[in-house]
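Novice: Predicted model, plus sequence, below.
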Amino acid sequence: MSYYEMAKTAAEYIMSKCSKAPELVLVLGSGLGDYAEQIENPTIIPYPDIPGFKTSTVKGHAGRLVIGELFGVNVAIMQGRIHYYEGYTQQEITLPIRSLKLCGANTVLFTNASGGIDRSFVPGDLMMIDDHINLSGKSPLMGPNEDEFGHRFPDMAKAYDKELKQVLLDAAQKADVDLKRGVYIMFNGPQFETGAEINFARIIGAHAVGMSTVPEVIAARHAGMRIAAVSCITNMAAGILDQPITHSEVNETAAKAKVKFTALVNEFVKGVADLV
Ligand code: HPA
């Protein structure tokens, strides 16, 4: 079965469970999953119930799809994501976003937790992703191109949508959030980076480091979706502070940023209502 056929099967299953097609996808990263609780009377679908979806094995990732309405927008929230380091292929980890595209959603806000490489950042900061560097060594588009999704050689020069960036900047102002901006670099993990790797990442232009999002952005762009992305800086990247980085620190700092994260995403959803 092609990935298009798999995504179509998953999309049909999702649409059989909800009454309205989603317009906007929100992907909630490590420790940020509580945002989904804002939806009243949601349709909740655990990932293992959806044909082809893999199970998230990581603490801080609930692993379910929460569908409903938020500020008049039909949203599908991925409460937790699946990572490349879990041993799945990049085609497998991007099946959810491709499936949601086939459900009708054309806009997506990715969120994640990351380590701050830019020394002016502090843990708890939120950063709009202006661009990314794919250091995973792979692409979800490797293998035969599936023309139903998009072209063989999609342009990634403007992967993060200009208009959605403006909506995010306006949302930050309304929510009174000091939104940082920068380039996100993906390392595969699951180990955190070495100090030398972070120095390298800084030299080549990265401001924050994480282990996700990039394959999903590539697959979503390939399929013609409009993308915005926000990273929660949960810790300073390796070698900046003289202290070890832990996954519990990542989840705890993300939880502390919950109030401003919620305020920012709420304003983004309101601001995007006319565009989706
Ligand atoms: N490195 C990689 N991924 C991360 C980090 C980090 O420092 N913090 C949160 N996710």
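Specialist: Everything's here; your move. Numbering: from 1, shown residues only.
Novice: any idea how far the residue nearest to Val167 when sequence neighbours are not counted lies from Leu141?
Specialist: Counting by C-beta to C-beta, 6 or more residues apart in numbering, Val167 lies nearest to Gly271, which is 4.2 Å off, once chain neighbours are set aside. The way it works is simple: take the backbone N, C-alpha and C, and place the C-beta from them, glycine included. Here the distance between Gly271 and Leu141 works out to 30 Å (C-beta to C-beta, to the nearest Å).
Novice: now the strands for the stretch 51-200 of the chain?
Specialist: In the stretch 51-200 of the chain, the strands defined using DSSP state E, counting those that start in this stretch lie at 64-70, 73-79, 107-116, 126-134, 180-186.
Novice: Which pLDDT value goes with the most far-flung residue of the chain relative to its centre?
Specialist: Largest separation from the mean C-alpha position in the chain: Asp242, at 29.0 Å (C-alpha atoms, centre = their mean). Reported pLDDT at Asp242 in the predicted model: 88.
Novice: Identify the residues contacting the worst-scoring helix or strand of the chain on mean pLDDT?
Specialist: Between all helices and strands in the chain, the lowest mean by mean pLDDT, DSSP states H and E belongs to helix 247-256, at a mean of 89. Contacts with helix 247-256, where a contact means C-beta atoms under 8 Å, 6 or more residues apart in numbering, come from 29-32, 34, 59-60, 113, 123-124, 232-235, 261.
Novice: Quick check: closest non-adjacent residue to the residue in the stretch 101-250 of the chain positioned nearest to the ligand.
Specialist: For the stretch 101-250 of the chain, the nearest residue to the ligand under the criterion C-beta to the nearest ligand atom is Gly115, separated by 2.2 Å. By the measure of C-beta to C-beta, 6+ apart, the closest residue to Gly115 outside its immediate chain neighbours is Ala237, 3.5 Å from it.
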